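Participant: coordinates only, no sequence provided:
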């Protein structure tokens, strides 16, 4: 009977295109994965990969073997994980990527309850404004939006990512509020420049009736961070379009007022991302379920909806 670790090293190397990527996924060294695959080839008396300094590709025999074993391997792993985890408790380092503002405002407050429920889990949370490579960088999960779903990565939607137009009451004093997005052109705009493209971010707003209009704010102030946009609006420097989760505390306190309450920008969903639907470590599954329950309990999806004034 072939070793399960040899089979898993082969399948992950084939799926991820290399021994190094498979090693990160499996928590092994690239040399160990390479040895496992070599042992499998020796036992089968077949060459499964064409190897070069730059690439790793399946041979014809390797492709046939991958099709034969992949589904069965996951079934075996699932059975083993299920029986071994039946009485286990989530434990270990939980590495998660979070956007700074949203993470500290909505996910971090859940941490005391999470740690009380799962005392053997050690949070290692990175607050960063970028979509991380979950598998390559060794993350258990990530929260945010705009991630490309690479092979083996899945997303669970938490809430809508809607953006709304806001300004401080002091800035709007004596000014007539706009009646539609086109009217934003009459105000001082606090706009964002994309770090990736170097261009000003253009927004398209919509309403419940399905109408769409461009939100053409003049670039009076240009920044590269949503937190800075919100802070500039609080200082009374102009009008900005920011995520409703970022605006909510200030809308609730009255420090900001929402303009165009029937209009919003749909930037897609806020999701929790993780690798593979099956064979999740207990710590990762616990985190996903805890955060999802927290969003439902606090009705955050409803509160983040720009379609609700």
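Facilitator: Cool, the structure landed. This structure is a prediction, so every number in the text was calculated from the model and none was measured.
Participant: isn't residue 98 up against residue 139?
Facilitator: No: using Cβ atoms under 8 Å, residue 98 is not in contact with residue 139; the gap is 10.4 Å. Bear in mind the C-beta positions are built from the backbone N, C-alpha and C, glycine included.
Participant: residues in contact with both of those two, list them for me.
Facilitator: By Cβ atoms under 8 Å, 6 or more residues apart in numbering, residue 98 and residue 139 have these common neighbours: residue 126.
Participant: the bottom helix or strand of this structure by mean pLDDT?
Facilitator: Lowest mean confidence among the helices and strands of the chain (mean pLDDT, DSSP states H and E): helix 60-84, at a mean of 72.
Participant: show me the contact partners of whatever helix or strand comes next after that one.
Facilitator: Next helix or strand after helix 60-84 toward the C-terminus (DSSP states H and E): strand 92-98. The contact list for strand 92-98 (Cβ under 8 Å, 6+ apart) reads 104, 107-108, 120-128, 132, 138-144, 281, 283-284, 287.
Participant: which of those residues are buried?
Facilitator: Buried subset of those (neighbour count, 16 or more other Cβ atoms under 10 Å): 107, 121, 125, 132, 139-144, 281, 283-284, 287.
Participant: show me the residues you listed that map onto strands.
Facilitator: Counting by DSSP state E, those place 121, 125, 141-144 in strands.
Participant: any low-confidence regions in the protein?
Facilitator: 1-2, 71, 74-87, 148-149, 151-152, 277-279, 309 (pLDDT under 70).
Participant: which residue ranges of it form helices?
Facilitator: 4-16, 19-26, 30-44, 60-84, 100-102, 111-117, 169-172, 226-234, 244-253, 282-298, 300-303 (DSSP state H).
Participant: that older thread, from the ones in strands among the buried ones among the contacts of strand 92-98, which two are the most distant?
Facilitator: Among those, the pair separated by the greatest distance (Cβ to Cβ) is 121 and 144, at 20.8 Å.
Participant: surely residue 185 touches residue 218?
Facilitator: Yes: at 6.4 Å, residue 185 counts as touching residue 218 under the criterion of Cβ under 8 Å.
Participant: closest one of the ones in strands among the buried ones among the contacts of strand 92-98 to residue 70?
Facilitator: residue 141 (23.8 Å).
Participant: which residues does that closest one contact?
Facilitator: Here residue 141 is in contact with 94, 96-97, 134, 272-274, 284, 287-288 (Cβ under 8 Å, 6+ apart).
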